[in-house]
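# Structural data only, the sequence is not supplied:
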């Protein structure tokens with residue numbers, strides 16, 4: 001009886017297995033995963049977008065409205081950065097401001113017939129990337145490999161968040177805006193340096209160690225350390241022994257400032273290198289020198305603010321302030 005019972009169980013299991021296999025063979029396959037659904041949706045979105053875009057670019061005798069396609073298919077964040085770039089461009093009429101290379105939709109300035117093919121799709125931790133090839137034919141022959149980074153809007157629809165062809169277009173726009181804004185800030189500092197030279201008021205630059213020129217976090221740390229400096233000044237102990245904006249000490253003034261490099265780091269902050277012309281006027285013959293200054297900017301409250309200064313020795317002032325405060329606790 002025991003053998004018959006075990007045999008009956010085996011037969012039952014085999015029957016269940018065959019029945020399940022039969023259901024799958026009959027078309028009752030498992031439901032697609034969320035990743036598979038997203039992959040299908042992303043591919044369909046890119047195909048739909050470029051079908052619409054290229055139909056306009058390939059229409060004879062008509063000028064495509066790239067701005068209209070931007071508003072329809074790009075993310076709100078990308079459009080915001082485009083608006084910031086337009087503000088910069090308005091200050092420099094007749095100049096090329098921002099990324100060069102032409103229209104991001106077709107990766108070029110001139111075209112005749114344009115096609116697109118999807119090469120691959122990759123899902124990262126943050127956003128999917130679609131690798132495509134833009135093919136030019138007719139009077140303009142060539143091809144460009146392009147990476148589209150996508151994100152979802154507030155309604156859950158996919159939008160293009162960046163065009164990457166060797167470099168991120170959004171980051172190039174960010175760095176352009178950051179360079180412009182830090183340049184404007186140093187124009188104000190230079191103007192104040194001239195005023196302090198005339199009045200001998202060497203505390204006037206303290207106004208720039210405040211909001212909105214610094215991030216909230218840096219400003220909070222600065223205030224804490226500065227208050228400790230006031231308390232310890234009688235004992236000769238002081239944290240700020242040089243001016244982080246680029247001045248050596250009193251009787252120094254910044255004569256000129258030029259942004260030599262500006263790039264966007266992985267954490268979203270802008271890494272800015274400045275070339276400064278600094279003059280010391282406390283001696284009979286004013287001594288002029290050139291030095292570099294490195295700052296990190298963070299986008300906060302709708303503008304770039306200084307989030308950290310790097311000392312001439314390459315040390316982060318923000319990290320040094322945190323270490324200083326921990327030792328005082």
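Cool, the structure landed. Every value quoted in this text rests on a predicted model; they were computed, and no experiment measured them.
# so what are the domain limits for the chain?
Following automatic domain parsing, one finds the domains of the chain at 34-166, 172-328.
# neighbouring contacts of stretch 100-116?
Contact partners of stretch 100-116, identified using Cβ atoms under 8 Å, 6 or more residues apart in numbering, comprise 50, 53-54, 57-58, 66, 69, 132-140, 142, 144, 146, 163, 165, 169. For glycine as for every other residue, the C-beta is placed from the backbone atoms N, C-alpha and C.
# from these, which would you call buried?
Among the contacts of stretch 100-116, those classed as buried by 16 or more other Cβ atoms under 10 Å are 50, 53, 54, 57, 69, 132, 134, 136, 144, 146, 163, 169.
# Contact partners for the second one?
Which is residue 53. Neighbouring residues of residue 53 by Cβ under 8 Å, 6+ apart: 64, 69, 73, 105.
# Which of those residues fall within helices?
The helices, defined by DSSP state H, take in 69, 73 from the contacts of residue 53.
# Can you name the two of the contacts of residue 53 that sit furthest apart?
64 and 73 (13.1 Å; Cβ to Cβ).
# if we can go back for a sec, between the buried ones among the contacts of stretch 100-116, which sits nearest residue 32?
Of all the buried ones among the contacts of stretch 100-116, residue 32 sits closest to residue 132, with 23.2 Å by Cβ to Cβ.
# Measure how buried residue 190 is and give me the count.
Neighbours of residue 190 under the rule other Cβ atoms under 10 Å: 17.
# The nearest residue to it once chain neighbours are set aside: what's it in contact with?
In space, not counting the residues next to it along the chain, residue 190 is nearest to residue 254; the distance is 5.3 Å by Cβ to Cβ, 6 or more residues apart in numbering. By Cβ under 8 Å, 6+ apart, the contact set of residue 254 is 186, 189, 190, 193, 245, 246, 247, 276, 277, 278.
# Name the residues of stretch 277-286 that are buried.
Residues of stretch 277-286 classed as buried: 277, 278, 279, 280 (neighbour count, 16+ other Cβ under 10 Å).
# should've said stretch 64-71
Residues of stretch 64-71 classed as buried by neighbour count (16+ other Cβ under 10 Å): 64, 69.
# what's it in contact with?
Residues outside stretch 64-71 that contact it (Cβ under 8 Å, 6+ apart): 49, 52, 53, 56, 57, 78, 79, 82, 103, 105.
# Repeat the analysis, applying 10 Å as the threshold.
Residues from elsewhere that reach stretch 64-71, judged by Cβ atoms under 10 Å, 6 or more residues apart in numbering: 49-50, 52-58, 72, 78-79, 82, 103-106, 111, 160.
# Next step: those residues restricted to helices.
Per DSSP H, those map to helices at 49, 50, 52, 53, 54, 55, 56, 57, 72, 78, 79, 82.
# Now do the residue nearest to residue 294 when sequence neighbours are not counted against residue 82, distance only.
The shortest distance from residue 294 to any non-neighbouring residue, by Cβ to Cβ, 6+ apart, is to residue 310 (4.0 Å). Distance of residue 310 to residue 82, given as Cβ to Cβ, to the nearest Å: 30 Å.
# which one of the two has more residues nearby?
For residue 310 versus residue 82, neighbours defined as other Cβ under 10 Å are more numerous around residue 310 (20 against 17).
# pretty sure the more buried one is in contact with residue 317, am I right?
Yes. Applying Cβ atoms under 10 Å as the test, residue 310 and residue 317 come out as touching, 7.1 Å apart.
# hmm, back to that, kindly reformat the contacts of residue 53 as JSON lines and extend each row with distance to residue 198.
Output for these, formatted as JSON lines (distance: Cβ to Cβ, whole Å):
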{"residue": "64", "distance to residue 198": "56"}
{"residue": "69", "distance to residue 198": "54"}
{"residue": "73", "distance to residue 198": "54"}
{"residue": "105", "distance to residue 198": "53"}
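# Tell me which stretches of the chain form helices.
Taking DSSP H as the test, the helices found in the chain are 2-25, 34-57, 66-73, 76-90, 169-199, 216-232, 317-328.
# Could you give the average pLDDT over the longest one?
Just to be clear, that refers to helix 169-199. The average pLDDT within helix 169-199 is 95.
# How far off centre is that helix?
Mean-position distance between helix 169-199 and its chain equals 19 Å (Cα atoms, centre = their mean, to the nearest Å).
# who does that helix touch, helix- and strand-wise?
helix 76-90, strand 142-152, strand 158-164, strand 252-264, strand 270-280, strand 287-300, strand 303-310 (3 or more Cβ pairs under 10 Å, 6 or more residues apart in numbering; DSSP states H and E).
# How about residue 84, nearest residue that isn't a chain neighbour?
residue 177 (4.7 Å).
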